[in-house]
Every structure is written in structure tokens, then in C-alpha cells.
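Colleague: 3D model of this:
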Amino acid sequence: MRFYFLDSSSVVKHYSEEAGSVFVHSLFADPSTVLYVSRLAQVETLCALARKKKEGHLSLQDFAAVREQFLYEWKSRMRILDVTEPVWDRAASLGESHVLRSLDAVQLATVLDWLQTIPTERAAVASLVTSDSHLADAARREGVFVTDPAMV
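Modeller: Model (predicted):
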């Protein structure tokens, strides 16, 4: 089994072709891969897909299809991690210390909280999947293994 935490930009790659999509598709296709996401990913992913529709990168029909697929996989394929009060508090601290955007700080705090709750042998093979260089750098400084899907 492999364990991955996908930030929202990585989730979007599964529903809209861009650099890194092939790797993210492979994660979703492998039933032995366990995918974790922050509850934030629901809003961020739907907003990103709506932006792609507005900007002409997705047709109305394609948007409707990927939106439906996302909402189905949100419940069936992804394990959703809630953003608790301690995670919010940790995000505020991480945002300050690493000078992160607010939602990236919440993503990182969620990853760190998740890694503390899973068995050590799983944490040793767990990875944050992100193409966001600032989030990736901060995560590495916090001791998190990071995979950039565009570089795999």
C-alpha cells in the first residue's frame, strides 16, 4: 500500500489535463494507493474547475462531466481529513514561520496532523503530492516527503 496526501492543485490534475496529470491519474487508478485530501480540496477543486470552464479550458459538457466524476470520487475514492481547531492553530503558526498563503498553511497543517495519526511504518512511506513550490519547500523543512507530479 502507498499513502498520498494530495493538495488541491494535484486533485485538479486528475480532472483537467496539465503537467503532472499522468502521475495523478496513476494514483487514482491504483486500488492499492490510499488517497487523502483536506476537506478544503472540495471547494478549491470545484472553484479551479469552474475557473477553467470560464477561461475556456473546459467546455460546458466537459465541466459537467468532470464535476460529476469529482463529486463521485470525493465520496468513494478520497479519504477526507477534517480541518480541526488544532489544525487551524497550527496553520496560523506555519503560515507565519514559512510565509505561506493561508490555504497552503492549512494544507500543510493538515498533512502534519495526518502524519502524526497514522502508524510509523505508513508515515515512512507517505508523501505530499503538490506542484506548489512554496508549499513543497515548507513541507520539506517540516520533514515531509514531497512528490511533484509534474517531475515524475
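Colleague: Go ahead and confirm residue 77 touches residue 28.
Modeller: Yes - the pair residue 77 / residue 28 is scored as a contact, 6.4 Å apart, by CB atoms under 8 Å. Every C-beta, even on glycine, is put in place using the N, C-alpha and C of the backbone.
Colleague: any shared contact partners between these two?
Modeller: Common neighbours of residue 77 and residue 28 (criterion: CB atoms under 8 Å, 6 or more residues apart in numbering): residue 35.
Colleague: Just checking, which helix or strand of the chain averages the lowest pLDDT?
Modeller: Least confident helix or strand of the chain, by mean pLDDT, DSSP states H and E, is helix 120-123 with a mean of 80.
Colleague: which residues are in contact with it?
Modeller: 1, 3, 115.
Colleague: This structure: helices as residue ranges?
Modeller: For the chain, the helices defined by DSSP state H occupy 8-15, 21-29, 40-54, 60-76, 85-98, 102-117, 120-123, 133-141.
Colleague: now that we have the contacts of helix 120-123, which one has the most neighbours?
Modeller: residue 115 (20 neighbours; other CB atoms under 10 Å).
Colleague: Surely it and residue 142 touch.
Modeller: No - between residue 115 and residue 142 there is no contact under CB under 8 Å: 9.2 Å.
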